[in-house]
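Engineer: Have a look at this prediction, sequence included:
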Amino acid sequence: MSREADIGFLNSNHAAAEGALTAGVNFYAGYPITPASDLFEYLARKMPKQGGVIIQTEDEIAAINAIIGASWAGAKAMTATSGPGFSLMAESIGFAAMVEAPIVIIDDMRTGPSTGVATATGQGDVMQARWLSHGHYGIVALAPFSAQEAYDLTIKAFNIAERLRVPVVLLMDYVLVHTREKVRLKKPPEVEVWSRKKPRVPPEEYLPFKPDEDLVPPMATYGEGYRVFVESLVHDYRGYYVTRDDVYEELVKRLSDKITVNKHIVLDHVEYYTDDAEILFVAFGSTARSVLSIVRHARARGLKYGLFRPISIWPMDTDALLKAAENARKIIVVEMNYGQLFLEVDRVIKDKPVYLAPILTLDLPTPENILEVCRKWL
């Protein structure tokens with residue numbers, strides 16, 4: 001499919017790759033892993049024709065560090081992997097958060113723990129995406145449920161990464177990434193493509209980690225004539241290692257608060273029939289497609305079911321969730337793990353029963369699978 005086409009019939013890996021190209025990706029580093037390898041292969045065919053650089057590294061540790069370095073050299077950089085490879089990136093995701101490198105990581109979830117079943121689907125990386133690295137830092141994770149959203153949210157992931165200088169994770173899953181659907185490709189000015197802020201002061205006055213009012217520092221990259229010192233230890237505005245309580249507190253709070261302060265560009269969700277829903281389902285990714293089928297069939301029978309589908313998983317739009325749950329008697333969280341998104345929903349909703357419907361299958365759960373687990377509450 002050519003970039004000139006407006007419509008493509010793509011799986012979500014290929015749609016995400018097209019979204020990255022639309023967003024301006026010009027550096028990709030990765031290591032082959034099921035089910036993310038075809039995204040790598042797709043970009044390997046496309047990116048060099050547009051002047052981009054793509055490399056296969058010796059492992060996922062090298063891949064994540066390569067894109068951090070490329071980001072600091074001015075590139076829009078990304079990688080893609082699955083659960084085991086994502087685990088190997090743990091330390092470097094913390095490094096990216098600390099040095100505020102804008103990067104995008106696509107995690108095509110499969111079963112786990114460990115290598116699990118390489119060719120089976122799962123949704124067990126929700127907490128991993130948020131708390132993969134040690135220490136406290138802010139991160140963004142988005143979850144599409146269609147090939148079109150995979151395209152659109154990859155563009156959004158790059159925009160957030162560039163705007164807030166954070167790692168952004170796109171959580172997809174095995175079934176989703178290999179399901180082909182119609183995707184409408186977009187081009188500027190129809191779609192906004194953002195770039196990172198640049199310094200507005202002369203080089204002698206520039207402090208690499210001094211934030212603006214939005215808590216995000218302008219980013220001068222290597223080779224632009226500014227003195228840039230990138231330090232993974234606790235650092236002051238100059239980037240120098242400093243062991244003082246006030247410096248440490250300000251830095252850690254800012255790394256988290258810059259997402260909260262700018263959450264209006266991050267928060268995203270979709271609601272279905274929530275205005276009068278008495279039973280509210282919460283689900284994300286491909287599982288939400290089966291839940292939506294349940295909700296629509298229930299509505300046809302006069303049952304007041306609704307669905308809240310978070311797109312931004314971290315941070316979640318908790319205000320919207322609370323509003324969607326106002327009329328509900330029960331909230332049921334459906335996910336392909338043993339309760340990860342459930343922990344966040346249960347934390348937020350304090351005045352109503354929240355139930356976990358864990359779907360531990362190796363393929364996309366059918367509506368019948370989900371109803372069987374949920375029947376005792378319905």
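Structural biologist: Yep, that arrived.
Engineer: Every contact and neighbour count from this point should use C-alpha atoms.
Structural biologist: Noted.
Engineer: What separation do you get for residue 283 and residue 77?
Structural biologist: Relative to residue 77, residue 283 is positioned 30 Å away (Cα to Cα, to the nearest Å).
Engineer: Comparing these two, which residue is more hemmed in?
Structural biologist: residue 77 (31 against 25; other Cα atoms under 10 Å).
Engineer: Pull the contacting residues for that one.
Structural biologist: For residue 77, the contacting residues are 25-28, 67-68, 70-71, 102-104, by Cα atoms under 8 Å, 6 or more residues apart in numbering.
Engineer: just those residues now: which is nearest residue 6?
Structural biologist: Each of the contacts of residue 77 was scored against residue 6 by Cα to Cα, and residue 25 proved nearest at 19.3 Å.
Engineer: ok, now how distant is the residue lying closest to the closest one once chain neighbours are set aside from residue 283?
Structural biologist: Spatial nearest neighbour of residue 25, excluding adjacent residues (Cα to Cα, 6 or more residues apart in numbering): residue 76 at 4.8 Å. Per Cα to Cα, residue 76 is found 31 Å from residue 283.
Engineer: Would you confirm that the residue nearest to residue 25 contacts residue 27?
Structural biologist: Yes. In this structure residue 76 lies within contact range of residue 27 using Cα atoms under 8 Å: 6.3 Å.
Engineer: okay, and the common contacts of those two?
Structural biologist: By Cα under 8 Å, 6+ apart, the residues touching both residue 76 and residue 27 are residue 70.
Engineer: Looking at those two, which is more packed in?
Structural biologist: For residue 76 versus residue 27, the count of surrounding residues by other Cα under 10 Å is larger for residue 76: 27 against 23.
Engineer: Would you check how far apart the more buried one and residue 222 are?
Structural biologist: 14 Å.
Engineer: what's the answer for residue 325, then?
Structural biologist: 49 Å.
Engineer: With neighbour numbers in mind, choose between those two.
Structural biologist: With neighbours defined as other Cα under 10 Å, residue 325 and residue 222 compare such that residue 325 has more, 26 against 16.
Engineer: I figured the more buried one was touching residue 281, is that so?
Structural biologist: No. Counting by Cα under 8 Å, residue 325 does not reach residue 281; the two are 9.4 Å apart.
Engineer: Identify the contacts common to the two.
Structural biologist: residue 331.
Engineer: quick one, strands of the protein?
Structural biologist: Shown for the chain, the strands assigned by DSSP state E span residues 7-10, 27-30, 53-56, 77-81, 103-109, 140-142, 167-173, 181-184, 269-272, 279-282, 305-310, 312-314, 330-335, 354-358.
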